[in-house]
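J.: have a look at this fold, sequence not included:
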């Protein structure tokens, strides 16, 4: 777990533009927009706790939204344009975003509209999202990994809201069959899970896995932040050095839609074993 006296890593140029120069990231671009994990959102510059995940809601605005802040964590001041109210970190005065009231979106009728780049996230449990062919086999292996609390099959990366299995199988929605892995960071890590991911499917196959063919079966890692992306890229470079050219796509985390009940714990219920997901040691 993070300690409050730990110094956060240096800011990237994009983070500095927002926190120190009151910039704004493009809507629907932030890595934390669709984060569903439980935990605490902190100031990216100084590490101060700002928002509890239980106050986060989907406002449809394109930025993470919270209907309340932690006590005395967020300050307010008139925006230079005179039309809005700016919110800042009460500890370091870094720019976070703006607050809006009276919209009626939640019982508190308050919306703290915050830039993802102004925040870091500390979760009690964390989520990771992997697509590697038919989600039955991917779920099977992740569910048995140390530190994993749940492996849930579903759909991510497409254009249709709450798609059905049949829609995704058509290859027309843009979704990939994806497994949301919920894990305990005190037991395992994203890197350990990513290494397992590259060993339980063939990452060299493009838009297919064994007999399952189509973009819905693509190899992809849906990353939630720059660190996850960097870890995945490093592992892919390690594989490339061994002559394994992964076609895995690195895509930004998007809304995750759980699959229908019949697809959950498929092999556990059927008594079978994965037909195209056999672990092969690659690291």
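T.: Perfect, thanks for sending it. Nothing here was measured: the structure is a model prediction, and the numbers come from that model.
J.: and residue 100, how many residues sit next to it?
T.: Residue 100 has 17 neighbours, counted by other Cβ atoms under 10 Å. All C-beta spots, glycine's among them, are computed from the backbone N, C-alpha and C.
J.: ok, and the closest non-adjacent residue to residue 12?
T.: Excluding the flanking residues, the one nearest residue 12 by Cβ to Cβ, 6 or more residues apart in numbering is residue 226, at 7.4 Å.
J.: ok, the one helix or strand residue 113 maps to: who's next to it in the sheet?
T.: Per DSSP states H and E, residue 113 falls inside strand 110-114. Strand 110-114 sits in its sheet next to strand 65-66 (antiparallel), strand 95-101 (antiparallel), going by DSSP bridges.
J.: just to revisit the earlier point, tell me the pLDDT at the residue nearest to residue 12?
T.: Note on residue 226: pLDDT of 87.
J.: ok, residue 2 next?
T.: pLDDT recorded at residue 2 is 44.
J.: once you drop chain neighbours, what's closest to residue 129?
T.: Residue 129's closest residue in space is residue 222 (Cβ to Cβ, 6+ apart), at 3.8 Å.
J.: residues near the one you found, how many?
T.: For residue 222, using other Cβ under 10 Å, the count is 23.
J.: spit out the contact partners of it.
T.: By Cβ atoms under 8 Å, 6 or more residues apart in numbering, the contact list for residue 222 reads 129, 130, 131, 156, 157, 178, 251, 252, 253, 254.
J.: hmm, back to that, can you list contacts of the strand holding residue 113?
T.: 41, 51, 59, 61, 63-69, 74, 87, 96-101, 103, 105.
J.: can we see that at 7 Å?
T.: 59, 61, 63-69, 74, 87, 96-101, 103, 105 (Cβ atoms under 7 Å, 6 or more residues apart in numbering).
J.: among those residues, the buried ones, what's the ChimeraX command?
T.: Remark: buried members of the contacts of strand 110-114, expressed as a ChimeraX selection using 16 or more other Cβ atoms under 10 Å:
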select :59,63,64,65,66,67,69,74,87,96,97,98,99,100,105
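J.: shouldn't residue 249 be in contact with residue 218?
T.: Yes. Counting by Cβ atoms under 7 Å, residue 249 does reach residue 218; the two are 6.3 Å apart.
J.: quick one, which of those two is more surrounded?
T.: residue 218 (23 against 16).
J.: how near is the more buried one to residue 47?
T.: Distance of residue 218 to residue 47, computed by Cβ to Cβ, to the nearest Å: 37 Å.
J.: least trustworthy helix or strand in the protein by mean pLDDT?
T.: Sorting the helices and strands of the chain by mean pLDDT, DSSP states H and E puts strand 119-123 at the bottom, at a mean of 86.
J.: list the buried residues of it.
T.: Residues of strand 119-123 classed as buried: 119, 120, 121, 122, 123 (neighbour count, 16+ other Cβ under 10 Å).
J.: chain center to the next helix or strand along the chain from it, what's the gap?
T.: Beyond strand 119-123 on the C-terminal side, the first helix or strand identified by DSSP H and E is strand 126-132. Distance of strand 126-132 from the chain centroid (Cα atoms, centre = their mean, to the nearest Å) equals 8 Å.
J.: mind checking which helix or strand residue 192 is in?
T.: Here residue 192 sits within helix 190-200, counting by DSSP H and E.
J.: next, the angle from that helix to strand 126-132.
T.: Going by axes from the mean of the first three to the mean of the last three Cα atoms, to 10 degrees, helix 190-200 is angled at 20 degrees with respect to strand 126-132.
J.: identify all contacting residues around the helix or strand following helix 190-200.
T.: Proceeding N to C from helix 190-200, the next assigned helix or strand is strand 208-209, under DSSP H and E. Here strand 208-209 makes contact (Cβ under 7 Å, 6+ apart) with 132, 133, 134, 201, 202, 217, 276.
J.: about what we covered before: list the buried residues in the helix holding residue 192.
T.: 190, 193, 194, 195, 196, 197, 198, 199, 200.
J.: could the residues you listed go into JSON lines alongside distance to residue 235 and pLDDT?
T.: Compiled in JSON lines, those are given as follows (distance: Cβ to Cβ, whole Å; pLDDT from 0 to 100):
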{"residue": "190", "distance to residue 235": "10", "pLDDT": "96"}
{"residue": "193", "distance to residue 235": "11", "pLDDT": "98"}
{"residue": "194", "distance to residue 235": "6", "pLDDT": "98"}
{"residue": "195", "distance to residue 235": "6", "pLDDT": "98"}
{"residue": "196", "distance to residue 235": "11", "pLDDT": "98"}
{"residue": "197", "distance to residue 235": "9", "pLDDT": "98"}
{"residue": "198", "distance to residue 235": "6", "pLDDT": "98"}
{"residue": "199", "distance to residue 235": "10", "pLDDT": "98"}
{"residue": "200", "distance to residue 235": "14", "pLDDT": "98"}
